[in-house]
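**Q** give me a model of this one.
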Amino acid sequence: MKVLVIEDTVTSAALICRMLGGMGLETVHRRDGEGGIEAFRQSRPDLIMLDVVMPGMDGFEVARRIRQLESDGEWTPIIFLSARTRDEDIERGIAVGGDDYLVKPVSEAVLKAKVRAMQRIAHMRASLVALTRKLDEANRELTRLSAFDGLTGIANRRTFDATLSREWRRGARSGASIALMVVDVDCFKQFNDAYGHQVGDECLKAVARALAGNTRRPVDLVARYGGEEFAVVLPDTDAQGAAIVAESMRRAVETLAITHRHSTAARVVTVSIGIAVTRPERSDDGGFATLVARADEALYRAKRDGRNRWHLAATTALSVVQ
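**A** You can find the predicted model right below:
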């Protein structure tokens, strides 16, 4: 434990340093406030013994400045040393950031007891800070996990809902269009039945990676919508842009060449995609239900037309969202 002693009286400082040294503590001595503050910056002591009455800057001001130098979560115990015994002096010392107040001349027994008490407090506080940090990390991890699908690792339905709601309101304010795609793995039930659920899970992971790998901007979102369905939110995207993304995703999944002998669409795993594009005309969340419904209808049309394709809902039907 390193102790910074800020004391202008040489004999008093020598006595205190000797007593602290007898406790096995390392001491750093400074004779004025400016020097004490600089020593604090350089050595970051574990404890500060601070005289109140010093030439120039007094101990109260030194304590106040030291507290300002401490970073968030940092705390260095400060014990004031003074011949003053008035209640208002003690009260002021605590108010500016002190933790205890010793009257000079200091008794060696009292000094040892105070230092040990501060050591215990510092240790308990350090343990509490460490625990708090672990809890913060755990909470951040839980928050992260709650936003992603456990199987595929991409965003989950909860994140999709929140993103679509946010982008819908943003589009209503800015006048920007928004595109939504609903993606379905073709004949996935037959795939699961033929190859088993474990292979089916690996298939969904690969499809998710292929879809996510074909988004072009950080604001674009690919989420697992449920089962073998995925959803893609493309903010500030028109029908032409959405169609280009849809085709690149369809081709990427087909290129995976995952064998699917029981599909009516191809001999490999493919996807069908429904696309809906609109320009939000009001900021409340209820309006985007029509967008989702139109994307679902477009998906049904793509599947009815033979699967392994995308279909774009008529944009005129979405120009006004009821």
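**Q** list the buried residues of the helix or strand containing residue 115.
**A** Here residue 115, judged by DSSP states H and E, is contained in helix 108-146. For helix 108-146, the neighbour count (16 or more other CB atoms under 10 Å) marks 111, 114, 115, 118, 119, 122 as buried. For glycine as for every other residue, the C-beta is placed from the backbone atoms N, C-alpha and C.
**Q** do the same with stretch 37-50
**A** In stretch 37-50, counting by 16+ other CB under 10 Å, buried: 37, 39, 40, 45, 46, 47, 48, 49, 50.
**Q** now stretch 238-248
**A** 239, 242, 243, 245, 246.
**Q** picking that back up, other SSEs contacting the helix holding residue 115?
**A** helix 10-22, strand 47-51, strand 78-82, strand 100-103 (3 or more CB pairs under 8 Å, 6 or more residues apart in numbering; DSSP states H and E).
**Q** as a whole number, average confidence for the third one?
**A** The one in question is strand 78-82. Average pLDDT, strand 78-82: 89.
**Q** how about low-confidence regions in the chain?
**A** Applying pLDDT under 70 to the chain flags the ranges 282-287, 315-322.
**Q** who's in contact with residue 205?
**A** 151, 152, 153 (CB atoms under 8 Å, 6 or more residues apart in numbering).
**Q** sorry, slip of the keys, the one I care about is residue 30.
**A** 4, 5, 6, 36, 38, 39.
**Q** what's in contact with whatever helix or strand residue 300 lives in?
**A** Element membership of residue 300 [criterion: DSSP H and E] is helix 288-304. With contact meaning CB under 8 Å, 6+ apart, helix 288-304 is reached by 164-165, 168, 178, 180-184, 186, 231, 272-276, 278, 280, 309-313, 317-318, 321-322.
**Q** same thing but at 6 Å, please
**A** The contact list for helix 288-304 (CB atoms under 6 Å, 6 or more residues apart in numbering) reads 164, 168, 180, 182, 184, 272, 274-276, 278, 309-311, 313, 318, 321.
**Q** tell me which of the residues you listed fall in strands.
**A** Counting by DSSP state E, the contacts of helix 288-304 place 180, 182, 184, 272, 274, 275, 276, 278, 310, 311 in strands.
**Q** tally of neighbours for the third one?
**A** Number of residues near residue 184 (other CB atoms under 10 Å) recorded here: 22.
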